[in-house]
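Asks: Generate a structure from the sequence data that follows.
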Amino acid sequence: MCGIAGIRSPTPSDLVAIHPMTAALAHRGPDDEGVWSQPGIALGHRRLSIIDLSAAGHQPMLSADGRYVLVYNGELYNFRELRAELPAYPFRSRTDSEVVLAALTHWGIDALQRFNGMYAFALYDTLEQRLLLVRDRLGIKPLYYRLDGDRLLFASELRAIVASGLATPAFSRAGIHDYLRYQTVHAPSTVLEGVHLLPAGHFMVSERTGVGHPAPYWSAAKVGLNCPVPMRTRSEWKKNVHDTLLGAVQKQLVSDVPFGAFLSGGIDSSTLVALMSQCGQQVNTFTVTFAEQDYDEARYAHLVANKFGTRHTDIHLHPDDFLHALPEALADMDHPSGDGPNTWVVARATKQAGIDMALSGLGGDELFAGYPIFTRSARLERLRVLRHLPRGVRLQIGRLVRKMRPGMAGAKMADILSLPVLTARSAYPLNRQMFLDAQLRELLADEPLPNQVERWMQGLQVSPGFTQLPLLSQISMAETETYLQHILLRDTDQMAMAHALEVRVPFMDHELVELVMQIPDAEKYPHTPKQLLVESLGDLLPPEITHRPKMGFVLPYELWMRRELRDFCTENLHYLGEMPMFRPGSVQKRMQRFLAGDPATSASRLWALTVLGFWMRKISA
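Replies: Here you go, the predicted structure:
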């Protein structure tokens, strides 16, 4: 895992900016650094050595004939198989990076269809003066870029583009509106004006004559073109799930450094530990434990650790430990997020234990219907009477719901009932919103911009294959390409890489995703938590794990924001409220309502505003 950066510009003085860009990524790659340039282009790299720790893995990496130059961030899990298909290439290392380089020189852009992994990379063809930028199918690794006339900047993090000095940071109005709705900004937009995030499963080409638009090479929606699948029994589906997930875990255990797994004691992390053990591995596991029973999952984690004989480490934390770590965690944050500090603390403790790579259960909920939104969506589709009521009647019902259930839940239900067409797909964008549009109008100085997730969902309605997917798979795709990609995976990347810790996510193996997306709702519906996944494991997991209540990783922000964090929140909310895009006093009023005990003003939403204010101050400094 690494950090990459690059500049393409006809102005020679621009190219020296590659050095501060690469320096800004030092935390991502403490093991090595490199810069390559020639007239018109410069590429930079910071290396975290995971496979082949020798100097042969140095980047930027040139092809054997010197024509191509690669900077690569990620892991190609099937690199050994692909290397065997390229016997004529004169390999000089054992790295997966060189396999990527060899595959691209041999197969060209078609090589992307053969890759299984998480990655973001740039390949420059010195003969054709062509630059190729690529991001992995599921968006596990980020790649940001800025196009300014004939100058193109790209990097693994926003901070590197800012560090170039070639792009004065300006806040994107559309990005801020998106963040206020969803606590993140969805690709291709970012929170900075003119800086874009290459969408997952896309590539982009920069020629001498100009830069092309991002183009897709993979989409989960296309799986729907194969639906409905030939009839399979439940036993066949379970075997397919087990074998594919086991294969993903086996591939992702390839490493030349010590590795482990995050173990919460929930179904997803316990599944990975069980399968790692099946692969014959002695597993290092790490669990965050609390003295407070409301937060602690230690007894479940110990059950799994004892069953599979892992080398287990409890990371004992008091909530105040998070409080003390917050300033450093927030300073390491590349993109604003209210949830990131949780991952930062766990990653720090794991790295301090001597682990350089860890497996995470991220993606299990999204694939196997682990969130309430899946069952809610299925119920909504079944409520045909409600769906066919005249909209005026639904509006009246919504007003009654809002009166009977004051707060966000009632307001969301009322907005859903007011939709012109009431379906699970049309309701999805509202289900995940942090601030509803009525609340945005209270906060913002002008009318909220169109909802990007709503536009994306509408576009999917005409996307080949999407409407052929089963309903639960449609919601899976929405969860994967919004909440998972742009909050959970982005937080994991930026907060783990702040400690030079590589995190791999077997549930996001694209072959597993393609399989599970095809499974009919009748087989996947979670009558019990993630039932299909659990049944595919047989009796591998203890029943105490498969039947336990789901716990979130919750911290007492509400108490802190009234006491220890009160001044921090007030200061950053004041800064945010002074920005021209906000109504004067609107942000500060929310803090006052919160302190006064208003139940409709939640700590989580106010904390997201605080983080945004902090991040905007930091980037403007």
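Asks: Only C-alpha atoms from now on, for both contacts and neighbour counts.
Replies: Will do.
Asks: Can you get me a residue count around A369?
Replies: Neighbour count for A369, taken as other C-alpha atoms under 10 Å: 25.
Asks: Tell me the secondary structure at it.
Replies: coil (DSSP: H, G, I helix; E, B strand; the rest coil).
Asks: just checking, it touches K530?
Replies: Yes - contact criterion C-alpha atoms under 8 Å: A369 and K530 qualify, at 6.1 Å.
Asks: so what's I373 closest to, chain neighbours aside?
Replies: N431 (7.5 Å; C-alpha to C-alpha, 6 or more residues apart in numbering).
Asks: pretty sure that neighbour contacts A414?
Replies: No - taking C-alpha under 8 Å as the definition, N431 is not a contact partner of A414, at 11.5 Å.
Asks: neighbour count winner among these two?
Replies: A414 (22 against 18).
Asks: OK, contacts around the closest residue to the more buried one other than its chain neighbours?
Replies: Take A414 and drop its neighbours on the chain: the residue closest to it by C-alpha to C-alpha, 6+ apart is G398, 4.0 Å away. Taking C-alpha atoms under 8 Å, 6 or more residues apart in numbering as the criterion, G398 is in contact with M413, A414, D415, L417, S418.
Asks: hmm, back to that, from A478, how far off is the residue nearest to I373?
Replies: Using C-alpha to C-alpha, to the nearest Å, one gets 11 Å for the distance from N431 to A478.
Asks: which stretches of the stretch 401-550 of the chain form strands?
Replies: Secondary structure of the stretch 401-550 of the chain (DSSP state E, counting those that start in this stretch): strands at 502-504.
Asks: tell me which residues of stretch 565-583 are tucked away?
Replies: Buried residues in stretch 565-583, defined by neighbour count with 16 or more other C-alpha atoms under 10 Å: 565, 568-578, 582-583.
Asks: likewise stretch 392-411?
Replies: For stretch 392-411, the neighbour count (16+ other C-alpha under 10 Å) marks R394, L395, I397, G398, R399, V401, R402, M408, G410, A411 as buried.
Asks: Any regions of the stretch 351-500 of the chain where pLDDT drops low?
Replies: In the predicted model, the stretch 351-500 of the chain carries no residue with pLDDT under 70.
Asks: mind saving the C-alpha coords of the helix or strand bottoming out on mean pLDDT in the chain as CSV?
Replies: With mean pLDDT, DSSP states H and E as the measure, the helix or strand of the chain carrying the lowest mean pLDDT is helix 384-387 (a mean of 77). This file holds the C-alpha atoms of helix 384-387, laid out as CSV (Å, rounded to 0.1, in the frame of the first residue of the first chain):
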residue,chain,number,x,y,z
ARG,A,384,-49.0,-1.9,-2.5
VAL,A,385,-52.1,-0.3,-0.9
LEU,A,386,-49.9,2.6,0.5
ARG,A,387,-48.1,3.0,-2.8
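Asks: Tell me how far it lies from the chain's centre.
Replies: 35 Å (C-alpha atoms, centre = their mean, to the nearest Å).
Asks: First-to-last residue distance for stretch 483-501?
Replies: 22 Å.
Asks: hang on, the earlier thing: quick check, the residue nearest to A414 in a strand?
Replies: No - applying three-state DSSP, one finds G398 to be helix, outside a strand.
Asks: and the gap between it and M357?
Replies: Distance, G398 to M357, using C-alpha to C-alpha: 49 Å.
Asks: shared neighbours of A369 and K530, which are they?
Replies: Shared contacts of A369 and K530 (C-alpha under 8 Å, 6+ apart): K524.
Asks: Could you measure from D437 over to I109?
Replies: Here D437 is placed at a distance of 42 Å from I109 (C-alpha to C-alpha).
Asks: who's more crowded, those two?
Replies: Neighbours were counted for D437 and for I109 using other C-alpha under 10 Å; D437 has more, 20 against 14.
Asks: buried set for stretch 149-163?
Replies: For stretch 149-163, the neighbour count (16+ other C-alpha under 10 Å) marks 151-163 as buried.
Asks: likewise stretch 344-351?
Replies: Residues W344, V345, V346, A347, R348, A349, T350, K351 are the ones in stretch 344-351 that count as buried (16+ other C-alpha under 10 Å).
Asks: Let me know whether the fifth one touches A500 as I believe.
Replies: No - counting by C-alpha under 8 Å, R348 sits too far from A500 to count as a contact (9.1 Å).
Asks: residues touching F308, list them.
Replies: By C-alpha under 8 Å, 6+ apart, F308 lies in contact with V273, A274, S277.
Asks: Put the alpha carbons of the helix or strand hosting the second one into CSV.
Replies: In the assignment (DSSP states H and E), A274 maps to helix 267-278. What follows is the C-alpha trace of helix 267-278 in CSV, where atoms were taken according to Å, rounded to 0.1, in the frame of the first residue of the first chain:
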residue,chain,number,x,y,z
ILE,A,267,-20.8,-11.9,12.3
ASP,A,268,-18.6,-10.3,9.6
SER,A,269,-15.3,-10.1,11.4
SER,A,270,-15.8,-13.5,13.1
THR,A,271,-16.4,-15.0,9.6
LEU,A,272,-13.1,-13.7,8.4
VAL,A,273,-11.2,-15.0,11.4
ALA,A,274,-12.9,-18.4,11.0
LEU,A,275,-12.0,-18.6,7.3
MET,A,276,-8.4,-17.4,7.9
SER,A,277,-8.1,-20.3,10.4
GLN,A,278,-9.4,-22.7,7.7
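Asks: what are the pairing partners of the helix or strand just after it, and which direction each?
Replies: Elements were assigned by DSSP H and E; along the chain past helix 267-278, the next helix or strand is strand 284-289. As defined by DSSP bridges, the strand partners of strand 284-289 come to strand 259-262 (parallel), strand 311-316 (parallel).
Asks: Which of the buried residues of stretch 344-351 sits closest to I267?
Replies: For those, the closest approach to I267 (C-alpha to C-alpha) belongs to V346, at 18.6 Å.
Asks: Just the buried residues of the helix holding A274, please?
Replies: I267, D268, S269, S270, T271, L272, V273, A274, L275, M276, S277.
Asks: Also stretch 109-129?
Replies: Buried positions in stretch 109-129, judged by neighbour count with 16+ other C-alpha under 10 Å: 111-112, 115-125.
Asks: Distance of the closest residue to F435 other than its chain neighbours relative to G165?
Replies: Excluding the flanking residues, the one nearest F435 by C-alpha to C-alpha, 6+ apart is R181, at 5.0 Å. Going from R181 to G165 by C-alpha to C-alpha gives 30 Å.
Asks: who has more neighbours, the two?
Replies: R181 (24 against 13).
Asks: is it true that the more buried one touches A438?
Replies: No - between R181 and A438 there is no contact under C-alpha under 8 Å: 11.0 Å.
Asks: Please name the nearest non-neighbouring residue to the spatially most central residue of the chain.
Replies: The chain has L489 as the residue nearest its centroid, 2.1 Å off, counting by C-alpha atoms, centre = their mean. Nearest residue to L489 in three dimensions, chain neighbours excluded: I140, at 5.9 Å (C-alpha to C-alpha, 6+ apart).
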